[in-house]
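A.B. asks: Okay, sequence plus prediction incoming.
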Amino acid sequence: MNTPRFILILVFALVSLPAMTAVREEIPVAPELPVPAQAPAKPSGPSAEAVSRGRMLYENHCTRCHASVLHVRENRRADSLKALEGWVRRWSGEEKLSWSEEEVVEVVDYLNRRYYKFPPPGGKK
């Protein structure tokens, strides 16, 4: 019973389809604006990958005993980059972490960038 009505609606829709597309084509299309090219930022010092690896090593092995408060307290024991490296070496040995030279440097770099802000060797920032 509803079939004739459905067919009438379908025919009407098909007949009016070309008219609807003609209307759409009349609408002006906004021109595409060029996106300015940006050069990727060049990291100074260790790569972002090394810093994130230092962070990962620190978070996985050191935060069990250390909270970030340790690094920002007034009477902290690491008062230079060399002292900070000494503490990282000491505790990585105490915990038998068997960190490579590269891993120690990455953890020291992460801690220095995140908390200590000691000038790098050579005095340049």
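C.D. replies: Cool, got the structure.

A.B. asks: In this protein, where is pLDDT below threshold?
C.D. replies: Low-confidence segments of the chain, defined by pLDDT under 70, are located at 1, 12, 14-51, 68-75, 123-125.

A.B. asks: Helices of that one, start to end?
C.D. replies: The residue ranges that make up the helices of the chain, judged by DSSP state H, are 3-26, 48-61, 69-72, 81-94, 101-111.

A.B. asks: okay, the angle between the last one and helix 48-61?
C.D. replies: Right, helix 101-111. On the basis of axes from the mean of the first three to the mean of the last three C-alpha atoms, to 10 degrees, helix 101-111 is oriented at 90 degrees to helix 48-61.

A.B. asks: Can you point out the buried residues in helix 101-111?
C.D. replies: With burial defined by 16 or more other C-beta atoms under 10 Å, the residues of helix 101-111 counted as buried are E103, V104, V105, E106, V107, V108, D109, Y110, L111. C-beta here means a position set from N, CA and C on the backbone, and glycine is covered the same way.

A.B. asks: What count of nearby residues applies to the closest residue to the first one other than its chain neighbours?
C.D. replies: Translated: E103. Once flanking residues are discounted, E103 sits nearest to L57: 5.8 Å by C-beta to C-beta, 6 or more residues apart in numbering. A count of nearby residues for L57, using other C-beta atoms under 10 Å, gives 19.

A.B. asks: And E85, by the same measure?
C.D. replies: Using other C-beta under 10 Å as the criterion, E85 is surrounded by 18 other residues.

A.B. asks: now swap in V88 and tell me
C.D. replies: Neighbourhood size, V88 [other C-beta under 10 Å]: 25.

A.B. asks: I'd assumed E106 was in contact with it.
C.D. replies: No - in terms of C-beta atoms under 8 Å, V88 does not count as a neighbour of E106; the distance is 9.8 Å.

A.B. asks: Next one: S92 from C62, what distance?
C.D. replies: Distance check for S92 against C62: by C-beta to C-beta, to the nearest Å, it reads 9 Å.

A.B. asks: Need the overlap of contacts for these two.
C.D. replies: Overlap between the contact sets of S92 and C62, as judged by C-beta atoms under 8 Å, 6 or more residues apart in numbering, is given by V107.

A.B. asks: how near is V104 to P4?
C.D. replies: V104 is 84 Å from P4, where distance means C-beta to C-beta.

A.B. asks: Thank you kindly, that will do.
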